[in-house]
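A.B. asks: have a look at this fold, sequence not included:
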């Protein structure tokens with residue numbers, strides 16, 4: 001970005017029907033490291049710091065998924081981590097899971113579609129996660145997407161089929177990924193642990 005370019009403009013949130021913005025990956029790289037922003041369709045979108053219960057959920061899920069990953073030489077990492085899909089879209093899923101087959105796309109940032117992404121909803125990001133990022137993850141062929149709603153004590157498990165996500169329903173409160181044999185979660189245990197740590 002040249003010195004003649006005006007300062008970057010941040011959006012607090014994307015509107016429901018937003019235009020493609022002017023910014024690119026090169027502009028994004030000019031930001032200070034650790035800046036809480038994403039580049040979505042050329043728009044630089046800022047996020048406030050997450051709440052305590054959000055971070056408790058992310059920490060527990062990331063630890064659980066890392067334990068799952070250890071069974072198959074896969075890898076799980078919590079945000080902030082760049083996932084670059086295109087020159088105008090770089091996002092920070094709360095958790096990224098890379099199978100052994102896809103671990104090579106993770107250096108120095110994730111370039112392309114992880115096997116699984118997890119977003120824990122916050123009041124400031126709920127619309128973005130449920131609408132804008134869902135569309136992005138489908139377009140760029142992320143095979144599996146979990147949306148974690150702390151307020152409702154609910155996890156929505158989405159599997160990509162023919163370019164669209166379909167909901168997978170856990171059996172007796174236990175979810176087994178149909179695409180990652182090592183990935184499963186007992187929702188009852190997870191929500192009980194959230195309650196203990198958030199009280």
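C.D. replies: Right, received. Where do you want to start? This structure is a prediction, so every number in the text was calculated from the model and none was measured.
A.B. asks: contacts, neighbours, all on C-alpha from now
C.D. replies: Will do.
A.B. asks: residues of the longest helix along the chain that come out buried?
C.D. replies: Of all the segments assigned as helix in the chain under DSSP state H, the longest by residue count is helix 52-69. For helix 52-69, the neighbour count (16 or more other Cα atoms under 10 Å) marks 53-54, 56-59, 61-62, 64-69 as buried.
A.B. asks: and which of these is nearest residue 183?
C.D. replies: Minimum separation from residue 183 among the buried residues of helix 52-69 (Cα to Cα) is found for residue 68, which lies at 5.5 Å.
A.B. asks: residue 194 - that's part of a helix, no?
C.D. replies: Yes - the assignment for residue 194 by DSSP: H, G, I helix; E, B strand; the rest coil puts it in a helix.
A.B. asks: show me the contacts for it.
C.D. replies: Taking Cα atoms under 8 Å, 6 or more residues apart in numbering as the criterion, residue 194 is in contact with 53, 56, 57.
A.B. asks: if we can go back for a sec, ok, residues contacting the longest helix of the chain?
C.D. replies: Contacts of helix 52-69 with the rest of the structure, by Cα under 8 Å, 6+ apart, involve 75-78, 94-95, 97, 99, 120-122, 150, 182-184, 190, 194, 197-198.
A.B. asks: which elements pack onto the lengthiest strand in the chain?
C.D. replies: The residue-count maximum for a strand in the chain (DSSP state E) belongs to strand 154-161. The helices and strands touching strand 154-161, judged by 3 or more Cα pairs under 8 Å, 6 or more residues apart in numbering; DSSP states H and E, are strand 144-149, strand 164-168.
A.B. asks: tell me which element residue 90 is part of?
C.D. replies: For residue 90, the element it lies in under DSSP states H and E is strand 89-91.
A.B. asks: nope, residue 76 is what I was after
C.D. replies: Judged by DSSP H and E, residue 76 forms part of strand 75-78.
A.B. asks: that strand pairs with which strands, and in what direction?
C.D. replies: strand 95-98 (antiparallel) (DSSP bridges).
A.B. asks: so where's the chain uncertain?
C.D. replies: For the chain, applying pLDDT under 70 flags the ranges 1-19, 102-107.
A.B. asks: secondary structure element holding the residue nearest the centre of the chain?
C.D. replies: The central residue of the chain, meaning the one whose C-alpha is nearest the mean C-alpha position (Cα atoms, centre = their mean), is residue 93 at 2.1 Å. Counting by DSSP H and E, there is no helix or strand that carries residue 93.
A.B. asks: surely it and residue 116 touch.
C.D. replies: No - with contact taken as Cα atoms under 8 Å, residue 93 and residue 116 are classed as non-touching, separated by 9.7 Å.
A.B. asks: quick check: neighbours shared by these two?
C.D. replies: With contacts taken as Cα under 8 Å, 6+ apart, residue 93 and residue 116 have no neighbour in common.
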